[in-house]
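S.K.: sequence and predicted model, in that order:
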Amino acid sequence: MAVLHPSLEELDRLARPLDASAREVARALARLDESWTIYVRPSIGLDVLDFAAVHDRFGVCIVDVVGWSASTSRPTDDGGIERVSTDGRWTRVPHPRTIAGHHRTVVYDQHIALPGDPIEPTPDVRAVVVAPDLTDRQAFCLLAHPVLDGPARSVAVWGGDGLHQRLDELVRGDVDTQCRIETLDRLRSHLVTAASIGDAPRPVALSRNTRLIVLNPSNRTVRRARGAAGAGKTFGVAARAAKLAEQGRRTLVLSFNVTLANRLRSLVVDRCAESGADPTLVTCSNFHSFCEHIVHDAELFGFETTARPGSSWTTSMVARAEEAFERGYEQRYDAVLVDEGQDFAIAWWNLLRKHVVEPGGEMLLVADPTQNLYDRRGWSDEDRMAAAGFTEPWIELTGTYRTPDDLVVVASDFARQHLDGDRLFVESAPDRTEIGCRSGATNRRWIDVEGPGDLGTEVGREVVRLLRDHPELSPADVVFLCEYHHDGVTAASVIEHAGYPVHHLFSRNPDDPRRKRRYRFWPEVPSVKGSTVHSFKGWEAPVVVLGIGTDRRSRRSAYMSMTRASTIDRINGCFVSVVNSDRDLASFGASFAGGLVESAVPTVP
């Protein structure tokens, strides 16, 4: 028997119950051998699948179910599907193979593929549509129209014959290769089902700051909170989402950062487990992926939108999502929570307020103006904020629970001396010890290079030096942060040449689909990690190596990079190394590194 999450006996716990056809498929999949794990109605990002069958050798098979009969559904000449309503009218409906193909792409891009893997899904991630109330022939005639293109063409079609007679062939496909266990394990951790509700673990102690975010005793519908790096903003958003799920409220959690959405999902699942809340009630995504999802789903239901020639992908996708809403498409949530709000445009917030949150629903934004890399000015304009629904003052989150005390001092000094605009200075939280936060010293190093052209090489050399000089460190402890892809690629090459594994999102090719690379970057992979500063927001590491360039935003990026460092017990501290190419910052190096500043050997062309 296969392992089902949740089990057949627990299917009634699902937030979206299975119909009779899906229950039939669940019972059939349960007959697979014990090497298969079947996830029932798993939530994965913005999508809810019917089933995901996972095997260490054969990979992943996504199974979508249609409970259609031959008399109530028919194909159209152009490859579409129509279904008859109770009043006898035939209406076009989204094609199941298109939906299943989309699910396959999402699972591959966001949870299986690594940055260097092929763009298109590989055979170890498959999708099938099963129509248990039709014969195999009927299902094929209805659904296997050759006009379909793109991801839909790769989706297999099965009826009830194959489900009951050739089940192993249905889920295995033609795959006979060993899949990467580490990527399958990562996928398993993100296939969130009602089975995620288990024995409640010991609750994590909530800081004063987190409690300010989690509790809403006055039932305010629109709130805003701000705090410096490490103040508990992301943790608080996740804990508030879990509290709302405990109340049975459907919640959307958004970030601007692609990679942060996965961290938010993990935190939400952990917090839901503490109270027994259903984590499938919480959806975590970055904002532009959410807009893309809206556009895709709206078009499936006939709400066409217009591409914006000459506009960037991000600008066009937001405009098309708003157009879909204006045309009548709806997808609403009881609550919408926004992390890293300083990266959001107020226009995006207003779109969410108008079209996404239920009338009278809850909205929360948390922000740190010191980390405002995109120069969003709306959040410091009280008139614009009042027009966006903010009638209460900011909830002020004081102190950091991440950054060691000695690093707090130098990071704050750096912000005071070298950043302009809105700033929140880092300081130690007064209750960090009583809630069990670690404290330890930092090992800091400052290296000046002749110019930006030497950054990548020297960042890579510093990573190698740290790993060689400190055997207590492992590659998984280390992250290097660069502003530009060419520097990141150079640093990764130096580290790999020294024999250390590197997991990074950098590419020299500007035509490379870099957004996909960000989806495929996982900060918990057991290798040295390489990322842009933007994509590492919300994450932390015990060893941080950063390169400071000479652009206008470089200093703010440097401050953000410094505050990613966190203490771990195994080394009782953390490491921060700065590779600097900005001559105007050279004088700060001595105070950062305790008096010792080094100059790198110039890179030989």
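M.R.: Structure received. As the structure is a computational prediction, the values presented were derived from the model and not from experiment.
S.K.: which residues touch residue 111?
M.R.: 44, 183, 186, 187, 190 (C-beta atoms under 8 Å, 6 or more residues apart in numbering). Bear in mind the C-beta positions are built from the backbone N, C-alpha and C, glycine included.
S.K.: ok, now with 6 Å
M.R.: 187, 190 (C-beta atoms under 6 Å, 6 or more residues apart in numbering).
S.K.: am I right that it sits in a helix?
M.R.: Yes - counting by DSSP: H, G, I helix; E, B strand; the rest coil, residue 111 is located in a helix.
S.K.: show the pLDDT at it.
M.R.: If you check residue 111, the pLDDT there is 84.
S.K.: gap between it and residue 519?
M.R.: 9 Å (C-beta to C-beta, to the nearest Å).
S.K.: do the same with residue 115
M.R.: Applying C-beta to C-beta to residue 115 and residue 519 gives a distance of 9 Å.
S.K.: tell me the bridge partners for the spatially closest residue to residue 137 that is not a sequence neighbour.
M.R.: Residue nearest to residue 137 in three dimensions, not counting chain neighbours: residue 159, with 7.2 Å by C-beta to C-beta, 6 or more residues apart in numbering. Listed beta-bridge partners, residue 159: residue 131 (assigned using DSSP bridges).
S.K.: wait, residue 159 sits on residue 131?
M.R.: Yes - with contact defined as C-beta atoms under 6 Å, residue 159 and residue 131 form a contacting pair (5.3 Å).
S.K.: identify the contacts common to these two.
M.R.: Counting by C-beta under 6 Å, 6+ apart, the shared contacts of residue 159 and residue 131 are residue 139.
S.K.: so those two - more neighbours on which side?
M.R.: A count of neighbours by other C-beta atoms under 10 Å puts residue 131 above the other of residue 159 and residue 131, at 29 against 22.
S.K.: against residue 92, how distant is that one?
M.R.: Distance from residue 131 to residue 92, by C-beta to C-beta: 18 Å.
S.K.: cool, residue 333 as well?
M.R.: Distance from residue 333 to residue 92, counting by C-beta to C-beta: 27 Å.
S.K.: and the two? Which one has more around it.
M.R.: More neighbours surround residue 333 than the other of residue 333 and residue 92, with 22 against 13 (other C-beta under 10 Å).
S.K.: look up how far residue 316 lies from the nearest residue to residue 429 once chain neighbours are set aside.
M.R.: Among residues not flanking residue 429 along the chain, residue 399 sits closest, at 2.8 Å (C-beta to C-beta, 6+ apart). Distance, residue 399 to residue 316, by C-beta to C-beta: 41 Å.
S.K.: those two: which has the busier surroundings?
M.R.: Using other C-beta under 10 Å as the criterion, residue 399 and residue 316 rank with residue 399 on top: 21 against 18.
S.K.: check the more buried one and give its pLDDT.
M.R.: The predicted local confidence for residue 399 is 79.
S.K.: relative to residue 346, how far out is it?
M.R.: Residue 399 is 28 Å from residue 346, by C-beta to C-beta.
S.K.: how about residue 317?
M.R.: Look at residue 317 and residue 346: by C-beta to C-beta, they are 18 Å apart.
S.K.: those two: which is more packed in?
M.R.: Remark: of residue 317 and residue 346, residue 317 carries more neighbours, 23 against 19, as counted by other C-beta under 10 Å.
S.K.: contacting residues for that one?
M.R.: Counting by C-beta under 6 Å, 6+ apart, residue 317 touches 288, 291, 292.
S.K.: let's see 10 Å
M.R.: Contact partners of residue 317, counting by C-beta atoms under 10 Å, 6 or more residues apart in numbering, are 287-295, 305, 307-308, 311.
S.K.: next one: residue 355
M.R.: 294, 321, 322, 324, 325, 326, 329, 330, 331, 332.
S.K.: on the three-state scheme, the third one is what?
M.R.: At residue 322, secondary structure determined by three-state DSSP is helix.
S.K.: what number of residues lie near it?
M.R.: 20.
S.K.: do you know the pLDDT at it?
M.R.: Note on residue 322: pLDDT of 96.
S.K.: ditto for the fifth one
M.R.: For residue 325, the model assigns a pLDDT of 97.
S.K.: likewise for the last one?
M.R.: Predicted confidence (pLDDT) for residue 332: 97.
S.K.: ok, it to residue 361 distance?
M.R.: For residue 332 relative to residue 361 (C-beta to C-beta), the value is 8 Å.
S.K.: between those two, which contacts overlap?
M.R.: Counting by C-beta under 10 Å, 6+ apart, the residues touching both residue 332 and residue 361 are 250, 252.
S.K.: more neighbours: which of those two?
M.R.: More crowded of residue 332 and residue 361, by other C-beta under 10 Å: residue 361, with 20 against 14.
S.K.: list the contacts for that one?
M.R.: Residue 361 neighbours (C-beta under 10 Å, 6+ apart): 221-222, 244, 249-252, 332-336, 353.
S.K.: tell me the domain boundaries of the chain?
M.R.: 3-196, 208-397, 405-599 (automatic domain parsing).
S.K.: mind listing the strands for the stretch 501-605 of the chain?
M.R.: Using DSSP state E, counting those that start in this stretch, the strands of the stretch 501-605 of the chain run over residues 502-504, 528-531, 543-548, 573-580, 597-599.
S.K.: just the stretch 1-150 of the chain next, same as before
M.R.: 3-5, 36-40, 43-44, 47-48, 51-55, 59-65, 73-75, 81-84, 90-93, 125-131.
S.K.: for the third one, what is the average pLDDT?
M.R.: Strand 43-44 carries an average pLDDT of 85.
S.K.: low pLDDT regions in this structure?
M.R.: 176-178, 194-202, 372-375, 377-378, 422-426, 432, 434-439, 510-513, 595-605 (pLDDT under 70).
S.K.: the longest strand in it is where?
M.R.: Looking across the chain with DSSP state E, the single longest strand is strand 357-367.
S.K.: what pairs with it, parallel or antiparallel?
M.R.: strand 222-227 (parallel), strand 333-338 (parallel).
S.K.: for residue 464, find the nearest of those.
M.R.: Residue 464 lies closest, by C-beta to C-beta, to one member of the strands paired with strand 357-367: strand 222-227, at 35.3 Å.
S.K.: relative to strand 357-367, how tilted is the helix or strand just after the closest one?
M.R.: Proceeding N to C from strand 222-227, the next assigned helix or strand is helix 233-246, under DSSP states H and E. Helix 233-246 and strand 357-367 are oriented at 160 degrees to each other (axes from the mean of the first three to the mean of the last three C-alpha atoms, to 10 degrees).
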